[in-house]
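Colleague: pasting the structure only:
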């Protein structure tokens, strides 16, 4: 499919995502306003270009000069942020167009989403101005997040500056900021994120096409409430999904949800059955909510791009193994019984009696050490059928053990740092990825030290490139999504 993104359009996108200069229109010299909020967020996150504040009244904000108009700024502006009352937006946007601004994000609300003729008319004015030569994100949005350049969403002064492979296109500002925060601790790194709101100009299809050709983006995630041109969207989606994973959370698939999205971003939800068929035929990955989307992006980001059919699961607790077998089948995965010789070799490193090594591998207690697990996974990987391995660690049990030993914190004895090193060694030696599952059933206020320990363990494993999940089912579901996507590509000869 021939791209609709021309060279001038690519240049505009580059100036929008990596601006040398940003003007915020609607900064108040006193009190709080959206313009003041986004300006403060850009300064706090460390935007690397030059920032300018604009308000016809002039003045200063925290020692920063407020210019009375764009024409007063001493250099060209790449990106402008408009945060003024809705009725003043068209004039501000037209001034940006006349001054050669490449792109604008409009944070202001009060357009078609409010369901009035006046709101629809104002949005049409935005559309008309954009058609004369300026790109617009919004209105009614949270804007753009780009860790590399230091652009951030309206309420995002503390988002990560570490770039990653995931591009996110979201019709919802709230979904965008939530995903950005989740990604920061879960280990999902972003190349770029766009909250496009009502989508008067830039919308899901063109942004999807851009991410499909963006070398900084390897995985694309989308939250969609409605599309402007269904036929064009399907064509682009099919083209992009043939080259990169596209993970889609479609909002408004129920009758109540459809009503909700219409009042949220003036979009029509569409038929659940039609959407499921479209996503399946296009080769996209459909997920049900924000958490599934985040977990799936984590798996696509950190796991090698291949089909996963057979896995091993090891950890302390027989019931966990039973659960693994039941859930694996749901997601198209298989837990094969290991070769008897491999089983025998594994058992030599596990406590007896009580252990089982047929697969799932039941280590009998939660305190089996890192060296033992190293041998378990090295030997299990010797089975040529095994594609990936999962370790379940019940770290919360170290709280009781540390208390019995008179220690102040379970972190003093839980060997998760050494375990992470050993598991990274296993991955490097075998070439077979490993995932960690760390459930926590102790979530009362008296167990805050357990939560601290698990969060630290997560960060250490992620630093070694090992994805971490809170729940075995979530881990298997994410792995299943990865496997099915690459199996479909393989079946289609892609």
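Modeller: Yep, it's here. Computed from a predicted structure; not experimentally measured.

Colleague: for this protein, which helix is longest?
Modeller: Across the chain, the longest stretch assigned as helix under DSSP state H is helix 472-491.

Colleague: report the buried residues of that one.
Modeller: The neighbour-count check on helix 472-491 (16 or more other C-beta atoms under 10 Å) flags 472-486, 488-489 as buried. (C-beta placed from N, C-alpha, C; glycine too.)

Colleague: who does it touch, helix- and strand-wise?
Modeller: The contact analysis (3 or more C-beta pairs under 8 Å, 6 or more residues apart in numbering; DSSP states H and E) places helix 472-491 against strand 285-287, helix 290-302, helix 318-330, strand 388-392, strand 434-437.

Colleague: make TSV out of those and add mean pLDDT.
Modeller: As requested, the helices and strands packed on helix 472-491 are exported to TSV (pLDDT from 0 to 100):
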stretch	mean pLDDT
strand 285-287	97
helix 290-302	98
helix 318-330	82
strand 388-392	97
strand 434-437	98
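
Colleague: in JSON lines: those, plus mean neighbour count and distance to residue 207.
Modeller: Shown next, in JSON lines, are these (neighbours: other C-beta atoms under 10 Å; distance: least, C-beta to C-beta, whole Å):
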{"stretch": "strand 285-287", "mean neighbour count": "24", "distance to residue 207": "18"}
{"stretch": "helix 290-302", "mean neighbour count": "24", "distance to residue 207": "16"}
{"stretch": "helix 318-330", "mean neighbour count": "16", "distance to residue 207": "33"}
{"stretch": "strand 388-392", "mean neighbour count": "24", "distance to residue 207": "32"}
{"stretch": "strand 434-437", "mean neighbour count": "24", "distance to residue 207": "30"}
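
Colleague: minimum distance to residue 133: which of the ones you listed has it?
Modeller: Taking C-beta to C-beta, helix 290-302 is the member of the helices and strands packed on helix 472-491 nearest to residue 133, at 34.6 Å.

Colleague: next structured bit after that closest one?
Modeller: Once the chain leaves helix 290-302, the next helix or strand it forms, by DSSP states H and E, is strand 311-315.

Colleague: for that following strand, what is the distance to the chain centroid?
Modeller: In terms of C-alpha atoms, centre = their mean, to the nearest Å, the centre of strand 311-315 is set 26 Å apart from its chain centre.

Colleague: please renumber the chain so that the first residue is 53 from this point on.
Modeller: From this message on, residue numbering opens at 53, which makes the last subject strand 363-367.

Colleague: how's this structure carved up into domains?
Modeller: Following automatic domain parsing, one finds the domains of the chain at 59-352, 356-543.

Colleague: deepest-packed of these, please.
Modeller: Neighbour counts (mean count of other C-beta atoms under 10 Å) averaged over each of these peak at domain 59-352, with a mean of 20.

Colleague: for residue 461, give me its contacts.
Modeller: Applying C-beta atoms under 8 Å, 6 or more residues apart in numbering, we find residue 461 in contact with 454, 501, 505.

Colleague: in TSV, list the helices and strands packed on helix 524-543 along with distance to residue 62.
Modeller: Converted to TSV, the helices and strands packed on helix 524-543 look like this (distance: least, C-beta to C-beta, whole Å):
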stretch	distance to residue 62
strand 337-339	27
helix 342-354	25
helix 370-382	42
strand 440-444	37
strand 486-489	37
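
Colleague: so which of the ones you listed gets nearest residue 402?
Modeller: helix 370-382 (12.7 Å).

Colleague: following element in sequence after that closest one, please.
Modeller: Per DSSP H and E, helix 370-382 leads on to helix 392-399 as the next helix or strand towards the C-terminus.

Colleague: angle of that next one against strand 363-367?
Modeller: 30 degrees (axes from the mean of the first three to the mean of the last three C-alpha atoms, to 10 degrees).

Colleague: ok, of the contacts of residue 461, which one's closest to residue 515?
Modeller: Nearest member of the contacts of residue 461 to residue 515, counting by C-beta to C-beta, is residue 505, at 15.8 Å.

Colleague: in a strand, that closest one, correct?
Modeller: No. Under DSSP: H, G, I helix; E, B strand; the rest coil, residue 505 falls outside any strand and is assigned helix.

Colleague: could you list every residue that touches it?
Modeller: By C-beta under 8 Å, 6+ apart, the contact list for residue 505 reads 447, 450, 461, 462, 463, 466, 468.

Colleague: check residue 353 too.
Modeller: 216, 217, 218, 239, 240, 241, 270, 271, 519.

Colleague: I'd like the average pLDDT over the strand or helix carrying the third one.
Modeller: In the assignment (DSSP H and E), residue 218 maps to strand 215-222. Mean pLDDT, taken over the full extent of strand 215-222, equals 98.

Colleague: need the next SSE after that strand, C-terminal direction.
Modeller: Taking DSSP H and E, what comes next after strand 215-222 is helix 225-238.

Colleague: picking up where we left off before, what pairs with the strand holding residue 218, parallel or antiparallel?
Modeller: strand 242-247 (parallel), strand 271-276 (parallel) (DSSP bridges).

Colleague: who's in contact with stretch 87-101?
Modeller: Identification of contacts with stretch 87-101 by C-beta under 8 Å, 6+ apart yields 71-74, 76-80, 103, 105, 107, 113, 116, 130, 133, 135-136, 159, 195, 201-211, 213.

Colleague: just how off-centre is it within its chain?
Modeller: Mean-position distance between stretch 87-101 and its chain equals 22 Å (C-alpha atoms, centre = their mean).

Colleague: next: stretch 207-224.
Modeller: 7 Å.

Colleague: look at that stretch and report the distance between its end residues.
Modeller: 13 Å (C-alpha to C-alpha, to the nearest Å).

Colleague: next: stretch 274-286.
Modeller: 14 Å.

Colleague: wait, which of the helices and strands packed on helix 524-543 is closest to residue 275?
Modeller: When these are compared (using C-beta to C-beta), the closest one is helix 342-354, at 7.5 Å.

Colleague: give the contact list for residue 264.
Modeller: 272, 288, 291, 292, 295, 296.

Colleague: out of these, which sit inside strands?
Modeller: Of these, the ones assigned to strands by DSSP state E are residue 272.

Colleague: quick one: furthest residue from the center of this structure?
Modeller: residue 405 (43.6 Å; C-alpha atoms, centre = their mean).

Colleague: in contact with that residue, which residues?
Modeller: Residues in contact with residue 405 (C-beta under 8 Å, 6+ apart) are residue 416.

Colleague: what is the one helix or strand residue 333 maps to packed up against?
Modeller: Element membership of residue 333 [criterion: DSSP H and E] is helix 324-334. Judged by 3+ C-beta pairs under 8 Å, 6+ apart, the packing partners of helix 324-334 are helix 282-293, strand 298-302, strand 337-339.
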